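S.K.: Please find the sequence and the predicted model below.
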Amino acid sequence: MVNLRYEIVEQNASSFGGLHAIAFLLDRIKIKELFDNVFGRIRRVRRYHPMDNISFLISSILCGGDRLSDIERLSGDDVSQELFGGETLPCDTTIRDDLLRLGDLNSERRELLFQLNELLISKYKPATMTIDMDGTSTSVEGHQEYAEKGYCPENIGSRCFQHRIISWHEMGMILSIETYPGNTHCSYGSVDSIGLVLDRFAPQVEHILVRLDSGFYSEEMLEKLESYGNVEYEVVARGLGAIAEDLSDDRFKSYHGSEREYGTFRHFMGGKVRVYYVERSLRDMDQGVLFDEVRWVYRIIVSNRSGKQPHKLFDEYNHRGCQEQLICELKSEFALGSIVSGDFCVTIAAAWVSALACTIMGLFRKIALRLEYRRFRMKRIRYWFINIVAKLVKHGGRKILKLFCPPILQWRYDKIIQRIAAL
């Protein structure tokens, strides 16, 4: 081993200089004005505006923090303090007090997420929109309020919280997030939740496709989705239901030599037609199946879309897996379920901040990045765009942020800032 002489010195340099682009984006979308318009005056503004504290928490999450106390990691970072607030850093208890107030404002939290998504709609005017809804649980330890034992596939029987997430598939942004005690199923109140989203966005785009798994299947849900003229849906059904008697072999067909077989069935109910797309595959016969009707494993999607080839519809529905990827990223990179508190209101607000950080990164991907970088997940974005060494200096009465050799090269970073400035 070569002996190298080294010295440990203190310099006012930041490892997260790339947060400059995020702070610039928040400034361009006027996030503080949006916050005030939505929430009003939730407390007296002293040293920090409430949105400043939320921005500090978002910056901590984007840097890899997953606890309120991780904000202290930025205490010696002059750059982050200057970008998101001022000369000093708020304490984690200060941020917790604001989260406590935000936890009771359910409609206001939803409204801010709606308005951030509407920024992209107003700018890019998409003709279509794909909406996915799914639930997830986050296991916790300790004595958090309403952390009950419930359905938690990661750790069966553990105490957990349940989150229901509605996302915009094409943009990878969160439209709505709701947090419940661990013993509450995510389908509870889902019809009202999807109704609030569709009431807001259905008039703004020409066509919306809603994809749901079997946990949200119900007659009430289907009727709700059918009440919108420009909304189509694909919902996985529970059981064979009304088409059980029609499942004869001559109704199925294999495509492109696949072992799976597909069929399409129509069913009329209440003057409306619903199409049942069925996929079946042979069960493992080594298990000793006695009856012919259980030789097949069926998967059924109920839809109001007609004229689709069933194998293509199932392939389209399988892209809903991006929702699972988004939820995994929320948990691993945006601290969903990690920031918990003894007060349930703080836990609810912290989950919302995780969704808010994810939505802001969705805006950043779409507005600032080109196609080859939009596919980057948060871990790579942190390396390429956020973890840039920077130093804040004062010269001639002006503050200048000096970035040292960003991995994406200077001209690409300049283009990113120019695209954000064009908002």
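M.R.: Right, received. Where do you want to start?
S.K.: hey, let's count contacts and neighbours off CA atoms from now on
M.R.: Fine.
S.K.: now the helices for the stretch 151-300 of the chain?
M.R.: 190-201, 219-226 (DSSP state H, counting those that start in this stretch).
S.K.: I'd like those as CSV, with distance to V346 and mean pLDDT appended.
M.R.: Below are these laid out as CSV (distance: least, CA to CA, whole Å; pLDDT from 0 to 100):
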stretch, distance to V346, mean pLDDT
helix 190-201, 21, 96
helix 219-226, 30, 93
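S.K.: Spit out the contact partners of H163.
M.R.: 135-138, 177-180, 186 (CA atoms under 8 Å, 6 or more residues apart in numbering).
S.K.: Can you give me the neighbour number for the residue nearest to L330 when sequence neighbours are not counted?
M.R.: Nearest residue to L330, sequence neighbours excluded (CA to CA, 6 or more residues apart in numbering): L336, at 5.5 Å. When neighbours are defined as other CA atoms under 10 Å, L336 has 25 of them.
S.K.: and L336, how far is that from I388?
M.R.: Per CA to CA, to the nearest Å, L336 is found 25 Å from I388.
S.K.: Which parts of the stretch 201-350 of the chain are strands?
M.R.: With strands called from DSSP state E, counting those that start in this stretch, the stretch 201-350 of the chain shows them at 207-212, 231-236, 261-269, 272-282, 296-303.
S.K.: buried sites along the third one?
M.R.: Right, the one you point to is strand 261-269. The neighbour-count check on strand 261-269 (16 or more other CA atoms under 10 Å) flags 261-264 as buried.
S.K.: for the closest residue to V275 other than its chain neighbours, what are its contacts?
M.R.: Closest residue in space to V275, ignoring its immediate chain neighbours: R266 at 4.6 Å, by CA to CA, 6+ apart. Taking CA under 8 Å, 6+ apart, we find R266 in contact with 273-276.
S.K.: again, but for K253
M.R.: K253 touches 261-263, counting by CA under 8 Å, 6+ apart.
S.K.: Can you tell me the closest non-neighbouring residue to the residue positioned nearest the centre of the chain?
M.R.: Nearest to the geometric centre of the chain sits I174, at 4.1 Å (CA atoms, centre = their mean). Nearest non-adjacent residue to I174, counting by CA to CA, 6+ apart: S167, 4.4 Å away.
S.K.: my guess is that neighbour contacts L175, does it?
M.R.: Yes - S167 is within contact range of L175, at 5.1 Å (criterion: CA atoms under 8 Å).
S.K.: for the chain, which helix is longest?
M.R.: helix 344-368 (DSSP state H).
S.K.: Show me how far the very next helix or strand once past that one is from its chain's centre.
M.R.: Elements were assigned by DSSP states H and E; along the chain past helix 344-368, the next helix or strand is helix 371-374. Relative to its chain's centre, helix 371-374 lies at 19 Å (CA atoms, centre = their mean, to the nearest Å).
S.K.: buried residues in helix 371-374?
M.R.: In helix 371-374, counting by 16+ other CA under 10 Å, buried: R374.
S.K.: which secondary structure elements does that helix contact?
M.R.: Applying 3 or more CA pairs under 8 Å, 6 or more residues apart in numbering; DSSP states H and E, one finds that helix 371-374 contacts helix 344-368.
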